[in-house]
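K.L.:
quick one, what's the 3D model for this:
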Amino acid sequence: MLKKAAMLVSGNALGSALLLARNLIVARLVSPEDYGIAATFAIVMSVVEMLSQFGLSQMIVVDKDGDDPRFQSVMQGFQLARGVFASLVLLVIAHPTARFLGIEHVAWAYQVIAVVPLINGLQHFDIHRLKRHLNFRPFILSQSIPPLVALLAIWPLALLYGDYRIMLISLLVQAGAMALLSHLAAERRYQIGFDLALIRRATVFGWPLLINGALLFGVFYGERVIVGRELGMAALGVFSMAVTLTLTPTLVMANANQSAFLPHLSSARERPAAFQWLGVAAVEAGLAAGLVLLLGIVLLGGPVVHLLLGEKYAAILPLLVPVAVLQAVRMAKTGSTTVALSRERTGNAVAANLLRVSSLPVSWLVVHRTGDVMLLIWIAVGAEVLGYLLSLHLAARRTGLKLGPVVLPSLLAALTCAAALAVDGFEPTLPDLAGHLLRWPLLVVMVCGLAALASMKALRGYIFRQIRNRAA
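P.N.:
Model (predicted):
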């Protein structure tokens, strides 16, 4: 089972890496303003998907009738219906959205993007149903091949266009490749059906996911909407790229941590001592992943971004470390969320995300009055810190996890974040690698980070045990 979990994580990681490469290439080819317009495509599609997200692909995996051909046909019919609905909504809001963001001249692009939810609605659900039988290969292929096709499409598109249309058509190609692959990998014939009782069941199942999807939209895109609306597309292009560069590894590591710890925690629920040790290790793993991301950005972020994107994205450099701190704190929450999930407590993530979303009105007011993106980042960091503390508290209360062992690692991780921000504030990131690495204050950040990692005794023991088990 661990091997299959590793395959899933690898497939997700490969797909995420390919999409990141696509974004970097597009950003290199177009201006920051055009990249900002391209970034709004993902925002708009996420709004529409959020309004119609019922977790049908998850339901066909977990429902007792998920293997029934009729059940699958109804879920595919419901998926197509929500795709049609999402496309119609996107067509209706295309012009108001473009007007809201101050880019009315690209309203036509949002109308073209309206085809994507319809294409997604035509996906064959066999790639999800087969996961019931531990056959993950079709799903893994669906996560990696369409991003590869979308990446390869960039080259001919770059010869035809030199602006945001490159991303627009790449998104259409990716959606089409995903739908086509789902049919090619299917074992059953594609059918759509209608059953009001089953649709009602799916709606009841999907309501919590719909609510959490709304919260996640605020978490992932809330600040970007604020920046695009108040500061324009060029500022959005820079800010969105800074977020993308740090968010992609965050999501990959979060999935890896959950895949690694959730099965062990679930099997140890009736053994308090083992559950306590694994729970502390899971929390420490979240902290460690966030620290690894932060230290990587502190050491190499500026020079790598300068190498990949060039001078036109130089405005990213002051944002990189603060945004990396934001993602590191967000990453830290995944440990306690996984602990709670192992006891079937799904509300922890919602509660923690709610704090972040509730900070958005304050962020909007601040940016509107000051035009300062850094203040927006500080507000988001504060909300994530409160979310981390709340998530720990809820995990302790709902699962019995004792938090004493995670206090020192948490404090040292916080010290590392503070040191990184202080060093970046006094000596901003340099684009030259040699000059950047020769700054002695970086040593302070590294020492704090290594001390935090060294204090994670449960995680260290977990890693050594996994190594011994594989060697045996």
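
K.L.:
domains in the protein, by residue range?
P.N.:
1-231, 232-472 (automatic domain parsing).

K.L.:
which residues does the nearest residue to M446 once chain neighbours are set aside contact?
P.N.:
In space, and not counting its chain neighbours, M446 is closest to L295: 6.8 Å by Cβ to Cβ, 6 or more residues apart in numbering. Every residue, glycine included, has its C-beta placed from N, CA and C. The contact partners of L295, taken as Cβ atoms under 8 Å, 6 or more residues apart in numbering, are T416, V445, M446, G449.

K.L.:
okay if I get those as TSV plus distance to S142?
P.N.:
Formatted as TSV, the contacts of L295 follow (distance: Cβ to Cβ, whole Å):
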residue	distance to S142
T416	38
V445	40
M446	40
G449	37
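
K.L.:
farthest pair in these?
P.N.:
T416 and M446 (9.0 Å; Cβ to Cβ).

K.L.:
look up how far V407 lies from N212.
P.N.:
29 Å (Cβ to Cβ, to the nearest Å).

K.L.:
let me fix that, I meant to ask about G66.
P.N.:
In terms of Cβ to Cβ, G66 sits 43 Å off from V407.

K.L.:
who's more crowded, the two?
P.N.:
Neighbour count, other Cβ atoms under 10 Å: between G66 and V407, G66 has more, with 18 against 11.

K.L.:
surely that one meets R129?
P.N.:
Yes: under the criterion of Cβ atoms under 8 Å, G66 makes contact with R129 at 6.2 Å.

K.L.:
what touches both of these two?
P.N.:
Joint contacts of G66 and R129 (Cβ under 8 Å, 6+ apart) are I60, Q72.

K.L.:
show me where the chain has strands.
P.N.:
Here the chain has no strands by DSSP state E.

K.L.:
low-confidence ranges in it?
P.N.:
1-12, 48-54, 62, 208-209, 344, 346-347, 430, 433-436, 470-472 (pLDDT under 70).

K.L.:
how near is the residue most central in space within it to M331?
P.N.:
What sits nearest the mean C-alpha location of the chain, by Cα atoms, centre = their mean, is L251, with 4.3 Å. Separation of L251 from M331 (Cβ to Cβ) stands at 9 Å.

K.L.:
go on, L172?
P.N.:
L172 is 32 Å from M331, by Cβ to Cβ.

K.L.:
my guess is L403 contacts L394. True?
P.N.:
No: using Cβ under 8 Å, L403 is not in contact with L394; the gap is 11.2 Å.

K.L.:
re earlier: and the nearest residue to the residue nearest to the centre of the chain once chain neighbours are set aside, what does it touch?
P.N.:
Spatial nearest neighbour of L251, excluding adjacent residues (Cβ to Cβ, 6+ apart): S16 at 6.5 Å. Residues counted as contacts of S16 (Cβ under 8 Å, 6+ apart) are T248, L251, V252.

K.L.:
change it to 10 Å
P.N.:
Q143, S144, P147, L247, T248, P249, L251, V252, N255 (Cβ atoms under 10 Å, 6 or more residues apart in numbering).

K.L.:
what's the burial count for Q143?
P.N.:
Neighbours around Q143, by other Cβ under 10 Å: 22.

K.L.:
hmm, I typed the wrong one, I wanted N212.
P.N.:
Count around N212 with other Cβ under 10 Å applied: 20.

K.L.:
residues contacting M456?
P.N.:
280-281, 283-285, 287-288, 291, 405-406, 408-409, 412-413, 462-463.

K.L.:
can you get me a residue count around L390?
P.N.:
17.

K.L.:
and what of V367?
P.N.:
By other Cβ under 10 Å, neighbour count at V367 equals 21.

K.L.:
test my guess that it contacts L375.
P.N.:
Yes: contact between V367 and L375 holds when scored by Cβ atoms under 10 Å: they sit 7.0 Å apart.

K.L.:
which residues do the two both contact?
P.N.:
Joint contacts of V367 and L375 (Cβ under 10 Å, 6+ apart) do not exist.

K.L.:
ok, now how distant is D424 from A418?
P.N.:
11 Å.

K.L.:
those two: who's more crowded?
P.N.:
D424 (25 against 13).

K.L.:
thought the more buried one was touching V444?
P.N.:
No: counting by Cβ under 10 Å, D424 does not reach V444; the two are 11.8 Å apart.

K.L.:
contact partners for M233?
P.N.:
With Cβ under 10 Å, 6+ apart, M233 has these contacts: 31-40, 101-103, 106, 164, 227, 240.

K.L.:
which stretches of the stretch 251-400 of the chain form helices?
P.N.:
Under the criterion DSSP state H, counting those that start in this stretch, the stretch 251-400 of the chain contains helices at 272-296, 302-309, 317-342, 347-358, 360-370, 373-399.

K.L.:
the third one packs against which elements?
P.N.:
Contact here means 3 or more Cβ pairs under 10 Å, 6 or more residues apart in numbering; DSSP states H and E; on that basis helix 317-342 packs against helix 196-231, helix 233-267, helix 272-296, helix 302-309, helix 347-358, helix 373-399, helix 404-426.

K.L.:
now do that helix: distance to the chain's middle.
P.N.:
How far helix 317-342 lies from its chain's middle: 11 Å, per Cα atoms, centre = their mean, to the nearest Å.
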